[in-house]
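**Q** Build me a model from this:
(one chain, ligands or ions: 1)
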Amino acid sequence: MGGVHPQTLNHNTLMKRHAKWFIAGGAMVALAIVAWAAEQARPNLKQPDYRRWTHVKTMVIFDPAHPLYNDFGGIHHVYANATALPSTQEQKFPFPDGSQLVFVLYDIKNVDGAYVAADKKLTAVMVKNSARFKDTGGWGFQAWDAQGRALVNDGGASCFACHRDKASKTDYVFSRFER
Ligand code: HEC
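**A** Numbers count the residues shown, from 1 in each chain. Now for the predicted structure:
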């Protein structure tokens, strides 16, 4: 029976002395992982100040027979920031990193035969960052309801599924610039 090896002793004492830091470190790593997982599920994007951007197009989806009526019935406008604009206008792809597009949707009401925008239903954004959002075509997707609550919590997978299937030739962006 030899004594405890000095190195083990040292190590044990060190472990005890620093146990709380090891635990705290572990907790921080765990928190970081949780935060990372949450960020993956709910892309941490901010509602941009898009009203100063360039208007790309407008569309009214008024007929329940339209395939997007349930989700996107109403009047919507699409805006592009300065980085996204050349790609949208000239249909040049891919969009550069930093490109942002907004889709803002309002209810419509019929006022004496005119469709007029009513309450805001949804603000949706696509943000290009090829590295950060590589699982969804390089685009981060997020949307907010009228109260500002973030709606995307699947990492944008369901948004991307539709954009990927129907707009793969235009870097997953549908909107063409209305001149
Ligand atoms: C079922 C298909 C579908 C789904 C799901 C979908 N979109 Fe779209 N999205 C479209 C279509 C179609 C347009 C083009 C509308 C137009 O031409 O005015 C569009 C347009 C957009 C635009 C403007 C840029 C562009 O591609 O024209 C943004 C931003 C956007 N969607 C974000 C989202 C977000 C965020 C989600 C998920 C919350 C989402 N979309 C889910 C079909 C879809």
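**Q** For this protein, give me the ranges with low pLDDT.
**A** The chain contains residues with pLDDT under 70 at 1-23, 28-29, 31-36, 38-39.
**Q** Would you mind measuring from residue 139 to residue 77?
**A** For residue 139, the distance to residue 77 (C-beta to C-beta, to the nearest Å) stands at 19 Å. For glycine as for every other residue, the C-beta is placed from the backbone atoms N, C-alpha and C.
**Q** where exactly do the strands run in the protein?
**A** For the chain, the strands defined by DSSP state E occupy 54-61, 74-80, 100-111, 114-128, 139-145.
**Q** Which elements pack onto the last one?
**A** Contact here means 3 or more C-beta pairs under 8 Å, 6 or more residues apart in numbering; DSSP states H and E; on that basis strand 139-145 packs against strand 114-128, helix 157-166.
**Q** Is the residue positioned nearest the centre of the chain bridged to anything, and to what?
**A** Geometric centre of the chain, nearest residue: residue 141, 2.5 Å, by C-alpha atoms, centre = their mean. As for beta bridges, residue 141 partners with residue 126 under DSSP bridges.
**Q** Domain parsing of the protein, as residue ranges.
**A** Domain segmentation of the chain under automatic domain parsing yields 1-41, 50-170.
**Q** Tabulate the ones you listed in CSV, adding columns for distance to the ligand.
**A** As requested, the domains of the chain are arranged in CSV below (distance: least, C-beta to the nearest ligand atom, whole Å):
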stretch, distance to the ligand
domain 1-41, 13
domain 50-170, 3
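**Q** Deepest in the core, which of these is it.
**A** Mean neighbour count (mean count of other C-beta atoms under 10 Å) peaks for domain 50-170 among those, with a mean of 16.
**Q** Near residue 171, how many other residues are there?
**A** Other residues lying near residue 171 total 19 when counted by other C-beta atoms under 10 Å.
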